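[1] structure for this input, please:
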Amino acid sequence: MAAEGGWRPAGGGRRRRRRREEEEAEGGAVLRRLREARNDLLSSGFWAASAGAVRAPLGDTTEPPARCVCYGLGRFSCCPAARHQLAFLLLLLEELGVPPSRCSVFDPAFSAQEAATLAELGLRLLPDNEEGKHGIEGSATLFYMVHCGKALYNNLLWRNWSAGALSKMVIIGNSFKGIEERLLSRILERDYSYIAKVLKGTEEVALPAHPQYLDTFNDTSVHWFPLQKLEELSPEVWDFVEEPTYEECEIIRKEDGADQCSPAAIES
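    Residues are numbered from 1 along each chain as shown. I've put the predicted structure just below:
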């Protein structure tokens, strides 16, 4: 049937309606699986065992975080580990009293449906790939960065490279002690100099090992930077503030694309 402005395919409205219904059903399924992941964390005892590590910085004169930034969560619609990490983040926000609207998330791999799910949960999606270079702008901030690349942590430290800013940060992510142990010192100091320089000013508590989450939270620690320890570092530590560059980088840069999981990988 002809319509003003051209031809309209027959049944187009029905197809759009059906597609919208399918998207709503998929979004509902993701939220249902996310609730199941939350229940798993609670019933397994892992969250209760982790709560002490989460609260550790609050007992060490660190200002309670007023906001949160999450990087590298991954495809939580099709990856159970990413879904448990998201469920952990939501429990974390509840524990610390940070409203979801004060939590910004970014992963270049997020699908449109996942972005919509995050919005439904009340979280904010960062519009751009910051490559970890997020300034705290004076607000005590929790960074949730489970299993991110070393360059992302290094970039974050560079962006906030002062005792005043670092003392307002908590980072939940790959163990800095583990990074130090696994890398030759010359490689650490050459490629990830801000991680290397902050080690002596860092307090770290590992999340507990749990057989159900060995791959999901392995090598994950809570890090914070007490002002007293930072002020004890050599003054020369703060003099060099050149922006990091990497010949080979394990993070997705602004200009890079992102792998997507196929629809077939999405669980029912």
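[2] now the strands for the stretch 1-150 of the chain?
    Listed in chain order, the strands found in the stretch 1-150 of the chain under DSSP state E, counting those that start in this stretch are 2-3, 6-7, 67-71, 103-106, 124-125, 141-145.
[3] TSV for these, including mean neighbour count, distance to G178 and mean pLDDT?
    C-beta here means a position set from N, CA and C on the backbone, and glycine is covered the same way. Supplementary listing: the strands of the stretch 1-150 of the chain in TSV, determined by neighbours: other C-beta atoms under 10 Å; distance: least, C-beta to C-beta, whole Å; pLDDT from 0 to 100:
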stretch	mean neighbour count	distance to G178	mean pLDDT
strand 2-3	8	63	40
strand 6-7	7	61	39
strand 67-71	23	18	97
strand 103-106	21	24	97
strand 124-125	16	30	96
strand 141-145	24	14	97
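[4] out of those strands, the one nearest L58 is which?
    Between L58 and these, the shortest gap by C-beta to C-beta is with strand 141-145, which sits at 10.9 Å.
[5] just the CA trace of the following helix or strand past the closest one, in CSV.
    Sequence order places helix 150-159 as the next helix or strand after strand 141-145, per DSSP states H and E. Extracted C-alpha coordinates of helix 150-159, given in CSV (Å, rounded to 0.1, in the frame of the first residue of the first chain):
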residue,chain,number,x,y,z
LYS,A,150,47.8,-2.9,33.6
ALA,A,151,47.9,0.2,31.4
LEU,A,152,44.4,1.1,32.6
TYR,A,153,45.5,1.3,36.2
ASN,A,154,48.7,3.1,35.2
ASN,A,155,46.7,5.7,33.3
LEU,A,156,44.3,6.2,36.2
LEU,A,157,47.2,6.8,38.6
TRP,A,158,48.8,9.3,36.1
ARG,A,159,45.5,11.2,35.8
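[6] residues making contact with helix 150-159?
    Among residues not part of helix 150-159, those counted as contacts by C-beta atoms under 8 Å, 6 or more residues apart in numbering are 71-72, 131-135, 143, 145, 166, 171, 173-174, 176, 179, 191-195, 198, 241, 243-244, 246, 249-251.
[7] cool, stretch 114-121 as well?
    So stretch 114-121 is in contact with 23, 27, 30-31, 34, 75-77, 90, 100, 105, 110, 125, going by C-beta under 8 Å, 6+ apart.
[8] of all the strands of the stretch 1-150 of the chain, which one is nearest R55?
    Using C-beta to C-beta, the nearest of the strands of the stretch 1-150 of the chain to R55 is strand 141-145, at 12.2 Å.
[9] just give the closest residue to H210, not the sequence neighbours.
    Nearest residue to H210 in three dimensions, chain neighbours excluded: F46, at 4.6 Å (C-beta to C-beta, 6 or more residues apart in numbering).
[10] typo on my end, L86
    Counting by C-beta to C-beta, 6+ apart, F76 is the residue found nearest to L86 once chain neighbours are left out, at 4.9 Å.
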